[in-house]
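J.: based on what follows, work out the 3D shape:
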Amino acid sequence: MKVNLIYNGLIKSGYFFILCDTEGYIIKLIYDDHLANYFKKINLVEGASLRLEDSGTNAINLAMEYKSRVEICGEDHYCELLKNWYCTAMPIINYNDTAIIAYLDMSCVNYSNINNQSLVLKNIVTQIEKYLSLKHEINYVLGKLIYVDEG
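T.: Numbering: from 1, shown residues only. Down below sits the predicted model:
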């Protein structure tokens, strides 16, 4: 995402992305360097849990619960550390297996106008899902070309 100018602009302007596995554990944080000290201070690191029982109500665990796109703003978060976050999260689906494989959260801090955040996140997730589908199709075709029947 950092190589795409549009998403790079979002990251530079203060948005960040949290990719979680299906259990709610952080796989990857994508953010601008100016947020590094903030994340270190609140101990938001890869491997940390955003599950309900570990961090209270947040967009990731609501998306996990409802298996759909969710927005949550500021005071609606349970955890005091997240009270100034404005978040949108949604599942990433591998349509080849018809299974949710991860959750992606797009967030910003101290910015209460998230009117287009949901649409931007939906576009990102759609691109990821298309990539997964295309990769599956290429692997399928290559597998058929490489397969040699020795019988």
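J.: C-alpha from now on. contacts and neighbour counts both.
T.: Will do.
J.: and the most centrally placed residue in the chain, bridged to which residues?
T.: Centroid-nearest residue in the chain, with CA atoms, centre = their mean: Leu104, separated by 1.3 Å. Beta-bridge pairing for Leu104 (DSSP bridges): Leu19, Met90.
J.: confidence score at it?
T.: Here the pLDDT value assigned to Leu104 is 97.
J.: hang on, it packs against Glu71?
T.: No - Leu104 lies out of contact with Glu71 (CA atoms under 8 Å); the separation is 12.0 Å.
J.: any shared contact partners between these two?
T.: Ala89 (CA atoms under 8 Å, 6 or more residues apart in numbering).
J.: phi, psi for the spatially closest residue to Leu121 that is not a sequence neighbour please.
T.: Sequence neighbours aside, Met106 is the residue nearest to Leu121 in space, at 6.4 Å (criterion: CA to CA, 6 or more residues apart in numbering). Here the main-chain torsion angles of Met106 (degrees, to the nearest 10) amount to phi -110, psi 120.
J.: tell me where this structure has strands.
T.: Ranges of strands in the chain, per DSSP state E, are 16-20, 26-30, 70-73, 85-94, 99-109.
J.: contacting residues for Ser133?
T.: Ser133 neighbours (CA under 8 Å, 6+ apart): 94-96.
J.: can you rerun that using 7 Å?
T.: Applying CA atoms under 7 Å, 6 or more residues apart in numbering, one finds that Ser133 lies in contact with 95-96.
J.: against Cys79, how distant is it?
T.: Distance, Ser133 to Cys79, by CA to CA, to the nearest Å: 36 Å.
J.: wait, what's in contact with Leu132?
T.: Leu132 neighbours (CA under 7 Å, 6+ apart): Asn94.
J.: circling back: most tightly surrounded among the strands of the chain?
T.: strand 85-94 (a mean of 25; mean count of other CA atoms under 10 Å).
J.: give the other helices and strands that that one contacts.
T.: Strand 85-94 sits against helix 59-66, strand 70-73, strand 99-109, helix 117-146, with contacts defined as 3 or more CA pairs under 7 Å, 6 or more residues apart in numbering; DSSP states H and E.
J.: which of those has the lowest mean pLDDT?
T.: Looking at the helices and strands packed on strand 85-94, the bottom one is helix 117-146 with a mean of 75.
J.: give the contact list for the residue nearest to Leu121.
T.: 15-18, 87-89, 121.
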